[in-house]
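Participant: Fold the following and give me the result.
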Amino acid sequence: MKQISILGCGWLGMPLAKSLLEKGFSVKGSTTSLEKISVLESSGIQPFQIVLSEKHINGEIDSFLQNSEILIIDIPPKFRSTSSENFVKKIQNLIPFIEKSKIEKVIFTSSTSVYSDAPSTALRVTESTKPNPETESGKQLLATEILLQSNENFKTTVVRFGGLIGDDRHPIDFLAGRKNIENPEAPINLIHQKDCIGIIEAIVKQECWNETFNAVAPFHPSRTAYYTQKAIELGLLLPEFVNSKIAVGKIVLSDKVKKVLDYHFQDRP
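Facilitator: Take a look at the predicted model:
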């Protein structure tokens, strides 16, 4: 039985862990919350309370990594108007522990924010497009990708997810009824939680390492068309967009996921 450690059993990591358990894997999972330990344990996940910071790691990180062959890093950078962190430094602190463990392969969940937008909705982005992040989060994610993939002690595959949606999470929930929303003609780049899990599992099953994948559903209507229709479907107040500025955006292509992993997207956003 193969063992996998998932650093970050949150909105994506938790259902991913459950899915891997169903497929016969042994799973160790981490959370920063003491209250969630029992939730992980009741799901059959071996739980660990681990908190990464810029200076040190709190928790039994050695035991968390022990005897696992694969580590999935699923912890997003935290950037708020009142506080921010050095995410790269947090992962730098983790690397020595990976190096001395039996971890041979790493999956790092990144974001399409590593690609810049352009004043044209026709911009099409593939994995060969040079990243040029504009946000602090995107900059630190890209630096972390490079940090992990340049390490020769283990193999790292990066998955750049688009906007994450699921049955309990959708942008329309906070866009409904809002007014003066900018960038109405920009294309959407979303991916359903089920596809996030499916793509990660395909990487593990097919042993596809030292790769980078864009992971976005092949469905790119404009923001105004998509969110208006979604509000109508759910009986919500319509969002109101404004064309005060030139539209900027990109279409992120996931052809490599379909070709290399032979993956077929399950859920239309």
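
Participant: Return the set of buried residues in the worst-scoring helix or strand of the chain on mean pLDDT.
Facilitator: Sorting the helices and strands of the chain by mean pLDDT, DSSP states H and E puts helix 172-175 at the bottom, at a mean of 92. Buried residues in helix 172-175, counted by 16 or more other CB atoms under 10 Å: Ile172, Leu175. Bear in mind the C-beta positions are built from the backbone N, C-alpha and C, glycine included.

Participant: which residues in the stretch 101-250 of the chain form strands?
Facilitator: 105-111, 124-125, 155-161, 163-165, 190-192, 212-215 (DSSP state E, counting those that start in this stretch).

Participant: Tell me which of those sits nearest to Ser137.
Facilitator: Closest of these to Ser137 is strand 105-111, at 7.3 Å (criterion: CB to CB).

Participant: Give the partner strands of that closest one in its sheet and their orientations.
Facilitator: Strand 105-111 sits in its sheet next to strand 70-73 (parallel), strand 155-161 (parallel), going by DSSP bridges.

Participant: and that strand, how far from the chain's centre?
Facilitator: Distance of strand 105-111 from the chain centroid (CA atoms, centre = their mean, to the nearest Å) equals 8 Å.

Participant: Tell me the buried residues in it?
Facilitator: Buried-residue list, strand 105-111, by 16+ other CB under 10 Å: Lys105, Val106, Ile107, Phe108, Thr109, Ser110, Ser111.

Participant: will you turn those residues into TSV that also has distance to Leu34 and pLDDT?
Facilitator: Supplementary listing: these in TSV, determined by distance: CB to CB, whole Å; pLDDT from 0 to 100:
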residue	distance to Leu34	pLDDT
Lys105	29	98
Val106	26	98
Ile107	26	98
Phe108	26	98
Thr109	24	98
Ser110	28	98
Ser111	28	97
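
Participant: could those go into TSV alongside distance to Gln49?
Facilitator: Output for the buried residues of strand 105-111, formatted as TSV (distance: CB to CB, whole Å):
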residue	distance to Gln49
Lys105	24
Val106	21
Ile107	22
Phe108	22
Thr109	20
Ser110	25
Ser111	26
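
Participant: Verify the stated contact: Ile70 with Phe108.
Facilitator: No. At 11.8 Å, Ile70 and Phe108 do not qualify as touching, with contact defined as CB atoms under 8 Å.

Participant: TSV for the strands of the stretch 101-250 of the chain, including distance to Lys179?
Facilitator: Formatted as TSV, the strands of the stretch 101-250 of the chain follow (distance: least, CB to CB, whole Å):
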stretch	distance to Lys179
strand 105-111	28
strand 124-125	30
strand 155-161	29
strand 163-165	21
strand 190-192	22
strand 212-215	32
